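here is the input, now give the coordinates:
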Amino acid sequence: MGDSVSAISTRPKRTLASIVAASAIALCLTFLAAGMSEAQEADITAAETDVERLRGLLLRHQGADTEKVTEESPIVDIPLDLESQESEFAAALNAPYSPQKVLLRPQELPLLLADVEARLADSKAVDRRSDSSLIGTTQIRQRGSLIGSSRYSLTHIGKHQFFGYTELAPGLNILGVADKQWEIELPTVEGTNRYLLLLVAPPRGDWELHALPASATMQLGDAAPQWLREPTGETSPTP
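Residues are numbered from 1 along each chain as shown. The predicted structure is shown next:
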């Protein structure tokens with residue numbers, strides 16, 4: 001009986017001690033969690049501060065690069081007169097093929113040759129009595145000043161038709177044969193190139209002159225007419 005009472009008396013003491021110990025452990029865990037939370041918040045705040053600082057440095061760096069590029073790469077405006085020349089050149093070059101069109105596109109060479117062959121085959125057209133060549137001149141002017149001139153020979157094909165070659169350069173090219181003149185305005189982007197000339201000079205009628213890049217004849221190959229394969233006089237500077 002005494003042992004039972006003793007056991008009953010000591011059991012509450014153990015329970016109270018356990019509660020006290022558990023409470024102490026829980027309090028420690030709470031403080032520890034609070035400390036960890038504060039540390040995490042401090043780390044997050046520091047990280048955010050670092051991000052903002054790096055972002056500011058990046059923006060300042062990009063701004064400096066932009067100013068540097070702006071200073072080193074100024075915008076260059078194309079002169080209005082050059083744009084106007086190129087527009088006029090493109091409009092003239094893209095105009096439909098006609099007897100009045102002087103400067104032709106390479107794609108229009110077959111049309112030009114077809115006209116030549118049609119005249120040669122025309123029995124009603126009177127042929128020229130002489131096969132002698134004609135001499136033409138080219139004057140090149142830039143901004144009103146004469147910068148070069150040359151002569152070229154035009155070989156007779158038949159039925160008052162002639163062909164030859166000359167060099168045209170950027171600027172105003174004035175082509176003259178006898179008392180006739182034709183003008184070709186080339187923009188600066190074209191450069192100096194060799195051109196094929198074909199002249200139609202009927203004794204009683206309007207003369208026609210056509211010019212196109214000589215390189216266009218390369219596309220003909222074996223289809224080139226015999227007269228185009230024959231050598232002709234080359235351009236020579238005017239003395």
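
so who does A95 touch?
The neighbours of A95, taking C-beta atoms under 8 Å, 6 or more residues apart in numbering as the test, are K101. (Each C-beta comes from the backbone N, C-alpha and C, glycine too.)

brain fart, R119
125, 158-159, 161, 200.

mind picking the lowest-pLDDT entry from those?
When the contacts of R119 are compared on pLDDT, A125 comes out least confident, at 86.

select only the buried ones of the contacts of R119 in ChimeraX?
In ChimeraX, the members of these classed as buried (16 or more other C-beta atoms under 10 Å) are selected with the following command:
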select :159,161,200
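
I'd say D127 and H156 touch.
No. With contact defined as C-beta atoms under 8 Å, D127 does not reach H156; the gap is 9.6 Å.

neighbour count: these two, which is higher?
Shown here are D127 and H156; by other C-beta atoms under 10 Å, H156 has more neighbours (19 against 11).

once you drop chain neighbours, what's closest to that one?
For H156, the nearest residue in space outside its immediate sequence neighbours is D131; the separation is 4.9 Å by C-beta to C-beta, 6 or more residues apart in numbering.

in which helix or strand would I find that neighbour?
For D131, there is no helix or strand it lies in under DSSP states H and E.

T155 too?
Assigned by DSSP H and E, T155 falls within strand 145-156.

report all helices and strands that that strand contacts.
Using 3 or more C-beta pairs under 8 Å, 6 or more residues apart in numbering; DSSP states H and E as the contact definition, the elements that strand 145-156 packs against are strand 134-142, strand 161-168, strand 193-200, strand 236-237.

quick check: angle from the third one to strand 161-168?
Put simply, strand 193-200 runs at 160 degrees to strand 161-168, going by axes from the mean of the first three to the mean of the last three C-alpha atoms, to 10 degrees.

partner strands of strand 193-200, with direction?
Paired neighbours of strand 193-200 in the sheet (DSSP bridges): strand 161-168 (antiparallel), strand 208-213 (antiparallel).

tell me which of those strands lies nearest to E185.
With respect to E185, and counting by C-beta to C-beta, the nearest of the strands paired with strand 193-200 is strand 161-168 at 10.1 Å.

and the contacts of that closest one?
116, 119-120, 133-134, 136, 138, 140, 150, 152-157, 175, 184, 186, 192-201, 211, 214, 227-228, 232-235.

outside of whichever helix or strand comes after that strand, which residues touch it?
Scanning forward in sequence from strand 161-168 by DSSP H and E, the next helix or strand is strand 171-177. Under the criterion C-beta under 8 Å, 6+ apart, residues 134-143, 147, 154, 166, 181-186, 197, 199, 201, 207, 209, 211 lie in contact with strand 171-177.

measure how strand 171-177 sits relative to strand 208-213, angle-wise.
Between the axis of strand 171-177 and that of strand 208-213 there is an angle of 130 degrees, by the same axes, to 10 degrees.

could you give the angle of strand 171-177 to strand 145-156?
Here strand 171-177 points in a direction 40 degrees away from that of strand 145-156 (the same axes, to 10 degrees).

sheet partners, orientation included, of strand 171-177?
In the sheet containing strand 171-177, its partner strands are strand 134-142 (antiparallel), strand 180-186 (antiparallel), by DSSP bridges.
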